[in-house]
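In: Kindly generate the corresponding structure for this input.
(one chain, ligands or ions: 2)
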Amino acid sequence: MELQRRKIIIVGAGHVGSHAGYSLISQGLCEEIVYIDIDKEKAKAQAMDLFDATVYLPRRCLVRAGNYEDAKDGDLLIVAAGPLPDMSKGQTRMDTLRETIAIIKEVAEGIRISGFQGIILNISNPADVVTHYIQHTLFYPAEKILSTSTTLDSARLRRAISEAVGVDQKSILAYALGEHGESQMVAWSAVTIGGKPLSQLIQEQPDTYGALDLKAIAEEGKAGGWHILAGKGSTEFGIGASIAEVVRAIFGDENRILPVSTLLTGQYGETGVYASAPSLLNRHGVVDVIELNLTKEELDEFHKSCQTMKDNFDLALTL
Ligand SMILES: NC(=O)C1=CN([C@@H]2O[C@H](COP(=O)(O)OP(=O)(O)OC[C@H]3O[C@@H](n4cnc5c(N)ncnc54)[C@H](O)[C@@H]3O)[C@@H](O)[C@H]2O)C=CC1
Ligand SMILES: CC(=O)C(=O)O
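Out: Ligands and ions are numbered 1, 2, ... in the order given. Here you go, the predicted structure:
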């Protein structure tokens, strides 16, 4: 009998790293978590706090602080190190590129020397461009490096739709696609509520669904992160749950479809760019990208978003 011991490395023991850890241990998704942070005392403290919590959680998980040597036999590595956009300066996620890349250079080198060969899930913003940068720097197999990206924005979009139509988010399937950031777009043509296309509901119930302000709903979904940042200075529970959802799809070999950011190789007419699109996830990582039948306007918006990320990826390579 081969006993399973799933090991996750989390680089960055801040708000995201700690909440990712709590989501993972409370859902019993791994047997070991190792925190790496330049602030070693913080890494130790977060690990100890989380390990104490496991006493009262259903599944055992060893949580400790470590270093890149611990990544050698890791199965999955989460990158969550970097600054948040400074709202007082009106920064977007993309505006943090320069500062984040300086950190990511060190993180990527740590991953390289560790010999880590598992799946990399990048969260550091600007998420899509940074994921591409790590993949490029490490010559990493693209199917094994991804970002949660608009998995989180799609949850926020589903909340915004839910509030407008009075149906629970879980009964709504809706994707924000492209960038985890300002240029993201909504694939309205693919939205279904209880299995019915939104376009059909608009025709059948013009007084309710037909009266929806789709632009305002899309904006509300996109603004979700900003509302949370403004209110409490960090976003953590939503991203922690999104990370756990992606990890479950991978470790469970689920063939689950989530809107993660992956290297596009011709899908939607885009090549050589990390962007969020509905993708099939299993133990190998991202094994397929689903091409939705987007309208011409939606496709134009998607291309615009991809161009933003291509331009910033080129910029990242000069930093
Ligand atoms: N993709 C997404 O949906 C989300 C992305 N983020 C991004 O995640 C990143 C982390 O955000 P928070 O956890 O809120 O920040 P935080 O400031 O709470 O934590 C960041 C941690 O990274 C550590 N760190 C800095 N440089 C490091 C290095 N070279 N090596 C190892 N650790 C290092 C810091 O010591 C700190 O503990 C940011 O880039 C943020 O923009 C945050 C929320 C959601
Ligand atoms: C901070 C961030 O990227 C988010 O919560 O969406």
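In: contacts and neighbour counts: CA atoms only from here.
Out: Fine.
In: and the protein, what are its domains?
Out: Domain assignment for the chain by automatic domain parsing gives 7-147, 150-318.
In: Tell me where the model's unsure across the protein.
Out: 1-3 (pLDDT under 70).
In: Residue numbers of it in contact with ligand 1?
Out: 11-17, 36-39, 80-84, 103, 106-107, 123-125, 127, 149, 152, 234-235, 239 (CA under 6 Å from any ligand atom).
In: so can I have JSON lines of the domains of the chain showing mean neighbour count?
Out: Listed next are those as JSON lines, based on neighbours: other CA atoms under 10 Å:
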{"stretch": "domain 7-147", "mean neighbour count": "20"}
{"stretch": "domain 150-318", "mean neighbour count": "19"}
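In: which residues touch the residue nearest to the spatial centre of the chain?
Out: Per CA atoms, centre = their mean, the C-alpha nearest to the average position across the chain is that of Thr148, at 1.5 Å. Residues in contact with Thr148 (CA atoms under 8 Å, 6 or more residues apart in numbering) are Leu121, Asn122, Ile123, Ser242, Ile243, Val246, Pro259, Val260, Ser261.
In: nearest to Leu50, of the residues you listed?
Out: Ile243 (16.5 Å; CA to CA).
In: now the strand or helix carrying the closest one: how far from the chain's centre is it?
Out: For Ile243, the host element (DSSP states H and E) is helix 237-251. Remark: helix 237-251 is offset 8 Å from the chain centroid, using CA atoms, centre = their mean, to the nearest Å.
In: Could I have the CA atoms of it written out in CSV?
Out: Extracted C-alpha coordinates of helix 237-251, given in CSV (Å, rounded to 0.1, in the frame of the first residue of the first chain):
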residue,chain,number,x,y,z
PHE,A,237,-11.0,34.6,2.4
GLY,A,238,-12.1,34.7,-1.3
ILE,A,239,-8.7,34.1,-2.6
GLY,A,240,-8.0,31.4,0.0
ALA,A,241,-11.2,29.5,-1.1
SER,A,242,-10.3,30.0,-4.8
ILE,A,243,-6.9,28.5,-4.2
ALA,A,244,-8.4,25.6,-2.4
GLU,A,245,-10.8,25.0,-5.2
VAL,A,246,-8.0,24.9,-7.8
VAL,A,247,-5.9,22.6,-5.6
ARG,A,248,-8.8,20.2,-5.0
ALA,A,249,-9.3,20.0,-8.8
ILE,A,250,-5.6,19.2,-9.3
PHE,A,251,-5.0,16.8,-6.3
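In: Output the contacting helices and strands for that helix.
Out: helix 15-26, helix 150-165, strand 271-282 (3 or more CA pairs under 8 Å, 6 or more residues apart in numbering; DSSP states H and E).
In: what's the first one packed up against?
Out: Contacts defined by 3+ CA pairs under 8 Å, 6+ apart place helix 15-26 against strand 7-11, helix 40-54, helix 237-251.
In: Adjacent strands (with direction) for the shortest one?
Out: Here strand 7-11 has these sheet partners by DSSP bridges: strand 32-36 (parallel), strand 76-79 (parallel).
In: which residues touch the nearest residue to Thr150 once chain neighbours are set aside?
Out: Nearest residue to Thr150, sequence neighbours excluded (CA to CA, 6 or more residues apart in numbering): His180, at 5.1 Å. Listed by CA under 8 Å, 6+ apart, the contact partners of His180 are Pro126, Ala127, Asp128, Ser149, Thr150, Asp153, Ser276.
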